[in-house]
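Asks: got a structure for you, letters missing:
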């Protein structure tokens with residue numbers, strides 16, 4: 001008897017990804033100086049960022065909840081903006097058999113190449129409610145300018161009030 005099985009190529013990708021994740025976890029457990037439990041919760045972490053631009057500024061907003069402002073470093077070197085920080089693991093002593101950790105912890109570094117229109121001397125960073133807002137002011141020459149348009153060389157004659165000599 002011949003048995004036909006439907007081939008689903010994406011199932012193979014999913015299976016392969018699961019195998020790679022398990023192998024990665026085993027390597028972290030084996031070589032982590034903190035021990036296997038710490039290795040499972042410490043991963044590479046990259047906070048999401050939104051970038052906005054208007055005629056005067058470029059603004060970056062990074063989500064970094066749970067990170068102290070002293071653990072965030074913002075630098076500009078040449079034409080690169082670098083944000084470095086660390087979300088530290090909260091140590092909890094529990095007598096339970098399991099602990100579920102879904103939030104990501106560890107150090108992160110995000111780097112952005114700045115356009116030539118940004119003035120590196122006019123950069124501010126504010127941190128509130130878990131959002132790091134970096135404001136990059138544009139150089140004056142990069143800001144849009146409005147130019148007055150003259151209409152076809154016509155001269156507009158001023159009307160003179162009646163009874164006045166010219």
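Replies: The structure has been received and is ready for your questions. Because the structure is predicted, anything quoted here is derived from the model rather than measured.

Asks: now do the buried residues in whichever strand or helix holds residue 59.
Replies: Using DSSP states H and E, the secondary-structure element containing residue 59 is strand 57-63. Going by neighbour count (16 or more other CB atoms under 10 Å), the buried part of strand 57-63 is 57-58, 60-62. C-beta here means a position set from N, CA and C on the backbone, and glycine is covered the same way.

Asks: which residues does residue 138 contact?
Replies: Shown here is residue 138, whose contacts under the criterion CB atoms under 8 Å, 6 or more residues apart in numbering are 55-58, 117-119.

Asks: and the nearest residue to residue 109 once chain neighbours are set aside, how far from residue 151?
Replies: Of all residues beyond its chain neighbours, the one nearest residue 109 is residue 84 (4.8 Å), with distances taken as CB to CB, 6 or more residues apart in numbering. Using CB to CB, to the nearest Å, one obtains 56 Å as the distance from residue 84 to residue 151.

Asks: that older thread, now the buried residues of strand 57-63 in a markdown table, with pLDDT and distance to residue 136?
Replies: Written out in a markdown table, the entries for the buried residues of strand 57-63 read as follows (pLDDT from 0 to 100; distance: CB to CB, whole Å):
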| residue | pLDDT | distance to residue 136 |
| --- | --- | --- |
| 57 | 92 | 6 |
| 58 | 93 | 4 |
| 60 | 95 | 7 |
| 61 | 96 | 12 |
| 62 | 94 | 13 |
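
Asks: from those residues, pick the one nearest residue 106.
Replies: Proximity of these to residue 106, judged by CB to CB, is greatest for residue 62, which lies at 15.4 Å.

Asks: surely the closest one is in contact with residue 47?
Replies: Yes. When contacts are counted by CB atoms under 8 Å, residue 62 is listed as touching residue 47 (4.9 Å).

Asks: could you tell me which residues touch both of these two?
Replies: Both residue 62 and residue 47 are in contact with residue 110, where contact means CB under 8 Å, 6+ apart.

Asks: got a list of contacts for the top strand by length along the chain?
Replies: In the chain, ranked by residue count with DSSP state E as the criterion, the top strand is strand 118-128. Applying CB under 8 Å, 6+ apart, the contact partners of strand 118-128 are 58, 64, 69, 72, 74, 76, 81, 114, 132-139.

Asks: alright, I will stop here.
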